[in-house]
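Undergrad: Pasting the sequence and the predicted coordinates here, then a few questions.
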Amino acid sequence: MSQPSDTVMPAAMDAKTGPNESPAVAGDTGFPPGADPSGVEATDAPDAAAEASVPEAAGTDTAGTDTGGSAAPAADGRTGEESGPGDGQPDEPGGESLHVREGDIAADYLERLLDILDYDGDIDLDVEGDRAVVAVVGANLRGLIGPDGATLDALQELTRLAVAQQTGIRTRLMLDVGGHRAKVRTELSALGRQTAEEVKSSGSKQSLRPMNPFERKVVHDAVAEVDGVRSESEGEEPSRRVVVLLDV
């Protein structure tokens, strides 16, 4: 198994971590509250513990659209973000696409990390639209997800940094562990459609709970499927939320 050079390892994880211990918690990751994922999304860059100086992908959050660096990779089709730096890159010599290469680098990084932490899991690679999608599949992976996906979000950012160190290009690779993002996407899609129908029927706007960029993008996409209503994001992180209202 190849091992990536200049591997970025989370400061909060060490080789003594066992399969029943969380390798990181929301407070250990070096990321401020509200950092994403998704998506999915523009997040604050990790601190020096990540041993990398790759800049964060820039993104903006506009009405009906959350963008970012998660799905950043990025969750969100699209998995939580709009186009960002590194998208639309031409195929490399030999016909290997950039996104396929990103997935391979991420797989090497994650395989080494799983070995160090003594976690068992298979790694699935795919390309969805304009991003690489990497999924760690297996049992007893909750420690890599963390409360509300906080550890997963941090791990996704670290994986992106490891990839960017080798490609020289910021990436919007999306990482999922144990089907967490897929489950969240399904739940939030249903919430978005239900809220849109309620607003369409009552005529009164509704504000949803604060969400990260990945989650907001999923809701925006679901609302967009219902005629007569629209959605926009209001507030500042980490309290930014989706508002659904009539499209008049």
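TA: The structure has been received and is ready for your questions.
Undergrad: Only C-alpha atoms from now on, for both contacts and neighbour counts.
TA: Fine.
Undergrad: now residue 188, what's its secondary structure?
TA: helix (DSSP: H, G, I helix; E, B strand; the rest coil).
Undergrad: Mind listing what's buried along the helix or strand hosting residue 183?
TA: Element membership of residue 183, judged by DSSP states H and E, is helix 180-202. By 16 or more other C-alpha atoms under 10 Å, the buried positions in helix 180-202 come out as 180-181, 184-185, 188-193, 195-200.
Undergrad: who's in contact with it?
TA: Contacts with helix 180-202, where a contact means C-alpha atoms under 8 Å, 6 or more residues apart in numbering, come from 38, 75-76, 145, 149, 176, 205-206, 215, 218-223, 225-226, 228-230, 244-246.
Undergrad: And the residues you listed, which of them are buried?
TA: Neighbour-count burial (16+ other C-alpha under 10 Å) applied to those gives 38, 75-76, 145, 149, 176, 205, 215, 218-223, 226, 228-230, 244-246.
Undergrad: So which of these sit within strands?
TA: Secondary structure of the buried ones among the contacts of helix 180-202 is defined by DSSP state E; positions in strands are 176, 229, 230, 244, 245, 246.
Undergrad: The last one - nearest residue in space that isn't next to it in sequence?
TA: I take that to be residue 246. Using C-alpha to C-alpha, 6 or more residues apart in numbering and skipping residues adjacent in sequence, the residue nearest residue 246 is residue 229, 4.3 Å away.
Undergrad: OK, contacts around the one you found?
TA: 196, 199, 200, 223, 244, 245, 246, 247.
Undergrad: Do you know the pLDDT at it?
TA: Among the per-residue scores, residue 229 shows a pLDDT of 97.
Undergrad: again, but for the one 5 residues further on
TA: We have a pLDDT of 96 for residue 234.
Undergrad: Switch the ones in strands among the buried ones among the contacts of helix 180-202 over to CSV; also include distance to residue 109.
TA: CSV is the format used below for those (distance: C-alpha to C-alpha, whole Å):
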residue, distance to residue 109
176, 14
229, 43
230, 40
244, 40
245, 43
246, 46
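Undergrad: quick one: which of those residues is nearest to residue 106?
TA: Out of these, the one with the shortest distance to residue 106 is residue 176. That distance is 12.0 Å, counting by C-alpha to C-alpha.
Undergrad: Thanks a lot, see you next time.
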